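Trainee: what would the 3D arrangement of this be:
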Amino acid sequence: MPPLSPRLKQRIRRDYGPGSDAVISLLTRYVAGLPNADLQDAERLQAAPVLVAAGDVDALRRALELGLIDWRDLLVAAGLADGDWPQVLDRELPA
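Mentor: Next comes the predicted model:
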């Protein structure tokens with residue numbers, strides 16, 4: 001799985017401030033453990049828990065747990081399950 005994109009890191013730094021490095025580490029470990037994750041866009045899978053959590057660490061942990069059960073449910077919760085997911089990412093993660 002590729003590293004987090006610069007625009008996703010920027011969103012994490014904005015949402016989590018001083019705790020952003022811990023969030024980036026947690027997110028990197030999470031994505032590495034997803035089954036069949038290599039069949040999806042990496043940024044899409046990496047951004048989903050961040051978008052759902054909206055800066056709340058506890059919500060991020062719950063989103064990660066949901067993703068480990070079924071990452072497709074997490075994509076739905078993040079608004080990234082439909083064909084417009086690239087536009088949603090562009091809107092949520094401006095360059």
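Trainee: low pLDDT regions in the protein?
Mentor: Per-residue confidence for the chain (pLDDT under 70) gives these ranges: 1.
Trainee: now the helices for it?
Mentor: 6-16, 20-32, 42-53, 57-69, 71-78, 85-92 (DSSP state H).
Trainee: which one of those helices is the most hemmed in?
Mentor: Highest mean neighbour count of those: helix 42-53, a mean of 22 (counted as mean count of other C-beta atoms under 10 Å). (Each C-beta comes from the backbone N, C-alpha and C, glycine too.)
Trainee: run the chain-centre distance for that helix.
Mentor: 2 Å (C-alpha atoms, centre = their mean, to the nearest Å).
Trainee: by contact count, what packs against it?
Mentor: Packed against helix 42-53, as judged by 3 or more C-beta pairs under 8 Å, 6 or more residues apart in numbering; DSSP states H and E, are the following elements: helix 6-16, helix 20-32, helix 57-69, helix 71-78, helix 85-92.
Trainee: can you show me the CA trace of the third one as PDB?
Mentor: Output of helix 57-69 as PDB, limited to C-alpha atoms (Å, rounded to 0.1, in the frame of the first residue of the first chain):
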ATOM      1  CA  VAL A  57      -9.800  10.300  17.800                       C
ATOM      2  CA  ASP A  58     -12.500   8.000  19.300                       C
ATOM      3  CA  ALA A  59     -14.600   8.200  16.200                       C
ATOM      4  CA  LEU A  60     -11.400   7.400  14.100                       C
ATOM      5  CA  ARG A  61     -10.800   4.300  16.200                       C
ATOM      6  CA  ARG A  62     -14.400   3.200  15.700                       C
ATOM      7  CA  ALA A  63     -14.200   3.900  11.900                       C
ATOM      8  CA  LEU A  64     -11.000   1.800  11.800                       C
ATOM      9  CA  GLU A  65     -12.700  -1.000  13.600                       C
ATOM     10  CA  LEU A  66     -15.600  -0.900  11.100                       C
ATOM     11  CA  GLY A  67     -13.200  -0.900   8.200                       C
ATOM     12  CA  LEU A  68     -11.500  -4.000   9.600                       C
ATOM     13  CA  ILE A  69     -14.800  -5.800   9.700                       C
END
